[in-house]
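Visitor: have a look; sequence and predicted model below, questions after that.
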Amino acid sequence: MNTLRAVFICCLATLSIHAWANGPWDLKRLSQPPKVHPATVPHDPSMRAIFYDGLPWKGKLTRVFAWYGVPARKGAERLPAMVLVHGGGGTTFANWVKLWSDRGYAAMAMDTCGSMPSRGYGEPEGADRRQRHEFSGPPGWDGAFEQVDGLVEDQWPYQAVADILLANSLLRSFPEIDANRIGITGISWGGYLASMAASVDQRFRLAVPVYGCGFLGDAHPTVFAALLRFSSSPTDTEDRHPQMRLSDRGSSTPFGRVAEW
């Protein structure tokens, strides 16, 4: 536990977050716990497989698949919790949830791309065989750049960050969770999303994004031009394309600040 705490301090310490004033998310709505539905997939009996309601996408209802794990607790003890955000090619990994619950944390890991594990508990790979479920939202990762001319609320960064905020709200509604000790971590594309979510949602106590990307407009001009090729109205600066700015965590991270652990 001491080693884990040291990692937190070295990576990002504790975050006390300011809301992103110009963000498009309805924080009042996303602060309400979403409705939970059962999910039927093979899983470790130490955790729950669930769907929870997401935001509408292109006029249809969406649901988010997630694993939720809780360690043994003493009496009415309230537990710290972590929101776990997978990277590109990944999904909600039950073994990642178990890693945290084995260390005394409740944890929730959601799939941000409208999928669910194709082989149940402990799926090590298999993105090519992973099916999108009937309540899925937009495709993610590199596919997000193909959405830059669409409505903001139909784009993957908007939807994925909303899924994360809803997971935070859901955790906070559980009686076994200490709402003042909920953190977030994500890897690669998950680090990208974790940075944006922590900058938007001031309720997260800490955030540990792991090599998430950002500041696309500061990249070499040929790199940014390659990203803008997906847009039907390309521009030469990021600031002139608000949808592209939504897809870049560099637009939100200045609103987070680090406080002492």
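Guide: Good, I have the coordinates. Residues are numbered from 1 along each chain as shown.
Visitor: contacting residues for residue 161?
Guide: The neighbourhood of residue 161, defined by Cβ atoms under 8 Å, 6 or more residues apart in numbering, consists of 25, 193, 196, 197, 200. Where you see a C-beta, it was placed from the backbone N, CA and C, and this is true even at glycine.
Visitor: and stretch 170-185, end to end?
Guide: End-to-end distance for stretch 170-185, by Cα to Cα, to the nearest Å: 17 Å.
Visitor: nope, stretch 182-194 is what I meant
Guide: This stretch, stretch 182-194, spans 13 Å end to end (Cα to Cα).
Visitor: list the contacts of it.
Guide: 8, 80-88, 90, 112, 140-141, 157, 160-161, 164, 168, 171-172, 195, 197-198, 203-214, 249.
Visitor: okay, and which of the contacts of residue 161 map to helices?
Guide: 193, 196, 197, 200 (DSSP state H).
Visitor: most neighbours, which of the residues you listed?
Guide: When neighbours are counted by other Cβ atoms under 10 Å, residue 196 leads the ones in helices among the contacts of residue 161 with 32 neighbours.
Visitor: for residue 56, see how far away that one is.
Guide: Residue 196 sits 20 Å away from residue 56, taking Cβ to Cβ, to the nearest Å as the criterion.
Visitor: ditto for residue 176
Guide: 30 Å.
Visitor: what do you get for residue 194?
Guide: From residue 194 to residue 56 the distance is 24 Å (Cβ to Cβ).
Visitor: next one: residue 38
Guide: According to Cβ to Cβ, residue 38 and residue 56 sit 21 Å apart.
Visitor: with residue 46 instead?
Guide: Using Cβ to Cβ, residue 46 is found at 33 Å from residue 56.
Visitor: tell me where the stretch 1-150 of the chain has strands.
Guide: 14-17, 36-38, 47-53, 63-69, 79-85, 106-110 (DSSP state E, counting those that start in this stretch).
Visitor: ok, the shortest one: who's next to it in the sheet?
Guide: When you say that, I think you mean strand 36-38. strand 47-53 (antiparallel) (DSSP bridges).
Visitor: still on that earlier bit, could you identify the most distant pair in the contacts of residue 161?
Guide: With Cβ to Cβ as the measure, no two of those lie farther apart than 25 and 193, at 12.7 Å.
Visitor: state the mean pLDDT of the biggest helix by length in the chain.
Guide: Taking DSSP H as the criterion, the chain has its longest helix at helix 156-173. Averaging pLDDT along helix 156-173 gives 95.
Visitor: just checking: what are the partner strands of whichever helix or strand comes after it?
Guide: Remark: after helix 156-173, the chain's next helix or strand is strand 177-187, criterion DSSP states H and E. Paired neighbours of strand 177-187 in the sheet (DSSP bridges): strand 79-85 (parallel), strand 206-210 (parallel).
Visitor: between those strands, which gets the lowest average pLDDT?
Guide: strand 206-210 (a mean of 92).
Visitor: what score does residue 247 have for pLDDT?
Guide: Reported pLDDT for residue 247: 55.
Visitor: swap in residue 237?
Guide: 46.
Visitor: which of the contacts of stretch 182-194 are buried?
Guide: Buried members of the contacts of stretch 182-194, scored by 16 or more other Cβ atoms under 10 Å, are 8, 80-87, 90, 112, 140-141, 157, 160-161, 164, 168, 171-172, 195, 197-198, 203-209, 212, 214, 249.
Visitor: of residue 38 and residue 56, who's got more company?
Guide: Shown here are residue 38 and residue 56; by other Cβ under 10 Å, residue 56 has more neighbours (13 against 8).
Visitor: what's the closest non-adjacent residue to the more buried one?
Guide: With sequence-adjacent residues excluded and distances taken as Cβ to Cβ, 6 or more residues apart in numbering, residue 56 is closest to residue 62, at 6.6 Å.
Visitor: just residue 23 next, same as before
Guide: Spatial nearest neighbour of residue 23, excluding adjacent residues (Cβ to Cβ, 6+ apart): residue 200 at 5.3 Å.
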